[in-house]
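**Q** next input, structure requested:
(2 chains)
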Amino acid sequence: SQQGEEDPQALSIQEGENATMNCSYKTSINNLQWYRQNSGRGLVHLILIRSNEREKHSGRLRVTLDTSKKSSSLLITASRAADTASYFCATDQSFHLIQGAQKLVFGQGTRLTINP
Amino acid sequence: DGGITQSPKYLFRKEGQNVTLSCEQNLNHDAMYWYRQDPGQGLRLIYYSQIVNDFQKGDIAEGYSVSREKKESFPLTVTSAQKNPTAFYLCASKNSGTGGTEAFFGQGTRLTVV
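**A** Down below sits the predicted model:
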(Lines give C-alpha, C1' and ligand atoms only; values in the text may rest on other atoms or scores of the structure.)
Protein backbone atom coordinates (compact mmCIF):
# COMPACT_ATOMS: atom_id res chain seq x y z
CA SER A 1 0.00 0.00 0.00
CA GLN A 2 1.21 3.51 -0.73
CA GLN A 3 2.04 5.47 2.38
CA GLY A 4 2.49 8.94 0.97
CA GLU A 5 -0.13 10.50 -1.24
CA GLU A 6 0.77 13.71 -3.00
CA ASP A 7 -1.59 16.47 -3.95
CA PRO A 8 -2.06 17.80 -6.56
CA GLN A 9 -1.17 15.08 -9.07
CA ALA A 10 -0.13 17.74 -11.57
CA LEU A 11 0.71 21.42 -11.22
CA SER A 12 1.51 23.96 -13.94
CA ILE A 13 2.69 27.47 -13.06
CA GLN A 14 4.59 30.39 -14.56
CA GLU A 15 8.27 30.87 -14.00
CA GLY A 16 8.90 32.98 -10.93
CA GLU A 17 5.78 31.84 -9.11
CA ASN A 18 5.86 29.64 -6.02
CA ALA A 19 4.87 25.97 -6.20
CA THR A 20 3.33 24.13 -3.27
CA MET A 21 2.88 20.36 -3.12
CA ASN A 22 1.29 18.40 -0.32
CA CYS A 23 1.78 14.88 1.00
CA SER A 24 -0.39 12.88 3.37
CA TYR A 25 0.50 9.62 5.07
CA LYS A 26 -1.25 7.07 7.21
CA THR A 27 1.02 5.57 9.86
CA SER A 28 3.61 6.79 12.34
CA ILE A 29 6.87 7.78 10.73
CA ASN A 30 10.48 8.29 11.72
CA ASN A 31 11.00 10.94 9.08
CA LEU A 32 9.65 12.18 5.77
CA GLN A 33 11.71 12.88 2.70
CA TRP A 34 11.15 14.65 -0.59
CA TYR A 35 12.70 13.54 -3.87
CA ARG A 36 12.76 14.88 -7.39
CA GLN A 37 12.70 12.86 -10.61
CA ASN A 38 13.46 14.16 -14.06
CA SER A 39 11.74 12.25 -16.82
CA GLY A 40 13.18 8.78 -17.32
CA ARG A 41 15.83 9.19 -14.64
CA GLY A 42 16.47 8.07 -11.09
CA LEU A 43 15.31 10.03 -8.07
CA VAL A 44 17.41 12.66 -6.35
CA HIS A 45 17.04 13.44 -2.67
CA LEU A 46 15.99 17.01 -1.85
CA ILE A 47 15.35 17.26 1.87
CA LEU A 48 14.63 15.16 4.96
CA ILE A 49 12.53 16.29 7.90
CA ARG A 50 12.43 14.30 11.12
CA SER A 51 9.29 13.56 13.04
CA ASN A 52 10.26 15.99 15.81
CA GLU A 53 10.82 18.87 13.37
CA ARG A 54 8.12 21.18 12.06
CA GLU A 55 9.87 23.12 9.32
CA LYS A 56 13.07 22.91 7.35
CA HIS A 57 14.68 25.05 4.66
CA SER A 58 17.19 24.31 1.94
CA GLY A 59 17.86 27.04 -0.60
CA ARG A 60 14.56 27.74 -2.38
CA LEU A 61 12.90 24.74 -0.73
CA ARG A 62 10.79 24.88 2.40
CA VAL A 63 9.29 21.76 3.93
CA THR A 64 6.76 21.60 6.73
CA LEU A 65 5.61 18.59 8.71
CA ASP A 66 2.45 18.29 10.78
CA THR A 67 2.48 14.92 12.52
CA SER A 68 -0.94 15.54 14.10
CA LYS A 69 -2.45 15.78 10.62
CA LYS A 70 -0.03 13.28 9.11
CA SER A 71 0.82 15.70 6.35
CA SER A 72 3.75 17.55 4.84
CA SER A 73 4.18 20.29 2.27
CA LEU A 74 6.99 21.22 -0.09
CA LEU A 75 7.25 24.82 -1.21
CA ILE A 76 9.52 25.82 -4.08
CA THR A 77 9.94 29.59 -4.22
CA ALA A 78 10.77 31.67 -7.29
CA SER A 79 10.36 28.69 -9.61
CA ARG A 80 12.56 28.17 -12.66
CA ALA A 81 12.03 26.21 -15.86
CA ALA A 82 14.67 23.76 -14.61
CA ASP A 83 12.40 22.87 -11.67
CA THR A 84 10.12 21.03 -14.09
CA ALA A 85 10.08 17.44 -12.77
CA SER A 86 8.05 15.01 -10.68
CA TYR A 87 8.27 15.37 -6.92
CA PHE A 88 7.73 12.51 -4.49
CA CYS A 89 7.43 12.27 -0.76
CA ALA A 90 8.68 9.16 1.00
CA THR A 91 8.28 7.90 4.53
CA ASP A 92 10.54 5.68 6.59
CA GLN A 93 8.71 2.82 8.26
CA SER A 94 10.63 0.67 10.69
CA PHE A 95 10.66 -3.06 10.03
CA HIS A 96 12.21 -5.96 11.88
CA LEU A 97 13.75 -5.51 15.23
CA ILE A 98 17.02 -4.59 13.60
CA GLN A 99 17.95 -1.13 14.80
CA GLY A 100 17.65 1.42 12.07
CA ALA A 101 15.98 -0.99 9.65
CA GLN A 102 13.69 1.05 7.48
CA LYS A 103 11.20 0.42 4.72
CA LEU A 104 11.11 3.42 2.42
CA VAL A 105 7.67 3.95 0.90
CA PHE A 106 6.87 6.46 -1.84
CA GLY A 107 3.73 8.23 -2.91
CA GLN A 108 2.33 8.76 -6.40
CA GLY A 109 4.11 12.05 -6.98
CA THR A 110 3.25 15.53 -8.25
CA ARG A 111 4.20 16.41 -11.82
CA LEU A 112 5.34 20.03 -11.80
CA THR A 113 5.60 22.05 -15.01
CA ILE A 114 7.17 25.50 -14.98
CA ASN A 115 6.19 27.56 -18.02
CA PRO A 116 8.74 30.14 -19.19
CA ASP B 1 33.32 7.93 -7.81
CA GLY B 2 30.91 6.55 -5.24
CA GLY B 3 27.47 5.69 -6.42
CA ILE B 4 24.87 3.16 -7.35
CA THR B 5 24.86 1.57 -10.79
CA GLN B 6 22.08 -0.24 -12.56
CA SER B 7 22.53 -2.26 -15.72
CA PRO B 8 21.48 -2.61 -18.39
CA LYS B 9 19.74 0.67 -19.11
CA TYR B 10 17.34 -1.00 -21.55
CA LEU B 11 16.30 -4.65 -21.51
CA PHE B 12 13.98 -6.62 -23.75
CA ARG B 13 12.39 -9.84 -22.61
CA LYS B 14 10.55 -12.45 -24.56
CA GLU B 15 7.42 -14.04 -23.19
CA GLY B 16 8.23 -16.81 -20.71
CA GLN B 17 11.81 -15.71 -20.19
CA ASN B 18 13.50 -14.86 -16.90
CA VAL B 19 15.73 -11.79 -16.86
CA THR B 20 18.03 -10.37 -14.18
CA LEU B 21 18.58 -6.69 -13.50
CA SER B 22 21.84 -5.70 -11.89
CA CYS B 23 22.28 -3.21 -9.04
CA GLU B 24 25.68 -2.46 -7.54
CA GLN B 25 26.66 0.18 -4.97
CA ASN B 26 30.04 1.22 -3.60
CA LEU B 27 28.65 3.52 -0.93
CA ASN B 28 28.96 0.91 1.83
CA HIS B 29 25.23 1.18 2.44
CA ASP B 30 23.45 -1.49 4.44
CA ALA B 31 19.96 -1.19 2.98
CA MET B 32 19.01 -1.75 -0.64
CA TYR B 33 15.66 -1.48 -2.38
CA TRP B 34 13.97 -2.37 -5.68
CA TYR B 35 11.05 -0.34 -6.99
CA ARG B 36 8.84 -0.59 -10.02
CA GLN B 37 7.50 2.52 -11.73
CA ASP B 38 4.79 2.46 -14.38
CA PRO B 39 4.24 5.43 -16.74
CA GLY B 40 3.01 8.50 -14.88
CA GLN B 41 2.89 6.59 -11.61
CA GLY B 42 4.71 6.51 -8.32
CA LEU B 43 7.21 3.95 -7.06
CA ARG B 44 6.02 0.62 -5.77
CA LEU B 45 8.29 -1.42 -3.52
CA ILE B 46 9.19 -4.89 -4.79
CA TYR B 47 11.84 -6.13 -2.34
CA TYR B 48 14.16 -4.62 0.23
CA SER B 49 17.17 -5.83 2.14
CA GLN B 50 18.78 -4.56 5.32
CA ILE B 51 21.76 -6.90 5.57
CA VAL B 52 23.52 -9.59 3.59
CA ASN B 53 21.53 -12.80 3.18
CA ASP B 54 18.34 -11.15 4.39
CA PHE B 55 15.57 -9.57 2.34
CA GLN B 56 11.88 -8.86 2.68
CA LYS B 57 8.97 -8.73 0.28
CA GLY B 58 7.56 -5.34 -0.52
CA ASP B 59 4.08 -4.57 -1.79
CA ILE B 60 4.36 -6.22 -5.22
CA ALA B 61 6.85 -9.10 -4.84
CA GLU B 62 4.90 -11.70 -6.83
CA GLY B 63 6.79 -12.73 -9.96
CA TYR B 64 10.10 -11.31 -8.73
CA SER B 65 13.04 -12.72 -6.81
CA VAL B 66 16.19 -11.23 -5.31
CA SER B 67 19.40 -12.25 -3.59
CA ARG B 68 21.80 -10.42 -1.32
CA GLU B 69 24.99 -12.45 -1.23
CA LYS B 70 27.22 -9.39 -1.04
CA LYS B 71 26.68 -6.03 0.62
CA GLU B 72 27.39 -4.25 -2.64
CA SER B 73 25.00 -6.18 -4.86
CA PHE B 74 21.23 -6.70 -4.95
CA PRO B 75 20.16 -8.26 -8.28
CA LEU B 76 16.49 -8.53 -9.20
CA THR B 77 15.17 -11.40 -11.32
CA VAL B 78 11.93 -10.88 -13.18
CA THR B 79 10.49 -14.33 -13.65
CA SER B 80 8.04 -15.67 -16.20
CA ALA B 81 5.44 -15.61 -13.43
CA GLN B 82 5.35 -11.81 -13.65
CA LYS B 83 2.60 -11.34 -16.21
CA ASN B 84 3.07 -7.64 -16.88
CA PRO B 85 6.76 -6.87 -16.42
CA THR B 86 7.05 -3.92 -18.80
CA ALA B 87 8.04 -1.02 -16.53
CA PHE B 88 10.88 1.17 -15.30
CA TYR B 89 12.84 -0.47 -12.46
CA LEU B 90 14.74 1.57 -9.91
CA CYS B 91 17.27 0.39 -7.35
CA ALA B 92 18.19 2.43 -4.29
CA SER B 93 20.49 2.17 -1.31
CA LYS B 94 20.81 3.99 1.98
CA ASN B 95 22.56 3.82 5.30
CA SER B 96 20.72 2.65 8.33
CA GLY B 97 20.20 5.26 10.99
CA THR B 98 17.62 5.89 13.64
CA GLY B 99 17.28 9.48 12.53
CA GLY B 100 16.76 8.54 8.94
CA THR B 101 19.06 8.93 5.96
CA GLU B 102 18.64 9.79 2.33
CA ALA B 103 18.39 7.15 -0.37
CA PHE B 104 20.57 7.15 -3.45
CA PHE B 105 19.07 5.90 -6.68
CA GLY B 106 20.47 4.31 -9.79
CA GLN B 107 19.47 5.60 -13.22
CA GLY B 108 17.00 2.81 -13.76
CA THR B 109 16.44 -0.09 -16.14
CA ARG B 110 13.61 0.08 -18.64
CA LEU B 111 12.28 -3.44 -19.24
CA THR B 112 10.08 -4.18 -22.24
CA VAL B 113 8.39 -7.44 -23.14
CA VAL B 114 8.56 -8.19 -26.83
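**Q** contacts and neighbour counts: CA atoms only from here.
**A** Will do.
**Q** got the contact list for the residue in chain B that chain A sits nearest to?
**A** Going by C-alpha to the nearest C-alpha, chain A is nearest to residue B:42 of chain B, at 3.8 Å. Listed by C-alpha atoms under 8 Å, 6 or more residues apart in numbering or on different chains, the contact set of residue B:42 reads A:88, A:106, A:107, A:108, A:109.
**Q** ok, now residue A:104?
**A** A:90, A:91, A:92, A:93.
**Q** give me the element the closest residue to residue A:42 other than its chain neighbours is part of.
**A** The spatially closest residue to residue A:42, leaving aside those adjacent along the chain, is residue B:107, at 4.4 Å (C-alpha to C-alpha, 6 or more residues apart in numbering or on different chains). Assignment of secondary structure by DSSP states H and E places residue B:107 within no helix or strand.
**Q** and the residue nearest the centre of chain B?
**A** Central residue of chain B (C-alpha atoms, centre = their mean): residue B:34, 2.8 Å from the mean position.
**Q** that residue bridge partners, please.
**A** Residue B:34 forms beta bridges with residue B:47, residue B:91, as assigned by DSSP bridges.
**Q** contacting residues around it?
**A** B:45, B:46, B:47, B:48, B:76, B:89, B:90, B:91, B:92.
**Q** of those residues - the most surrounded one?
**A** Among the contacts of residue B:34, the one with the most neighbours (other C-alpha atoms under 10 Å in any protein chain shown) is residue B:91, at 33 neighbours.
**Q** just give the nearest non-adjacent residue to the closest residue to chain B within chain A, would you?
**A** Using C-alpha to the nearest C-alpha, the closest approach of chain A to chain B is made by residue A:108 at 3.8 Å. Leaving aside its sequence neighbours, residue A:108 sits nearest to residue B:42 (C-alpha to C-alpha, 6+ apart; 3.8 Å).
**Q** how far away is the one you found from residue B:76?
**A** 19 Å (C-alpha to C-alpha, to the nearest Å).
**Q** please list all residues in contact with residue B:25.
**A** With C-alpha under 8 Å, 6+ apart, residue B:25 has these contacts: B:2, B:3, B:4, B:5, B:72, B:73, B:93.
**Q** one step back: near chain B, from the contacts of residue A:104?
**A** By C-alpha under 8 Å from any C-alpha of the partner chain, the members of the contacts of residue A:104 lying near chain B are residue A:92.
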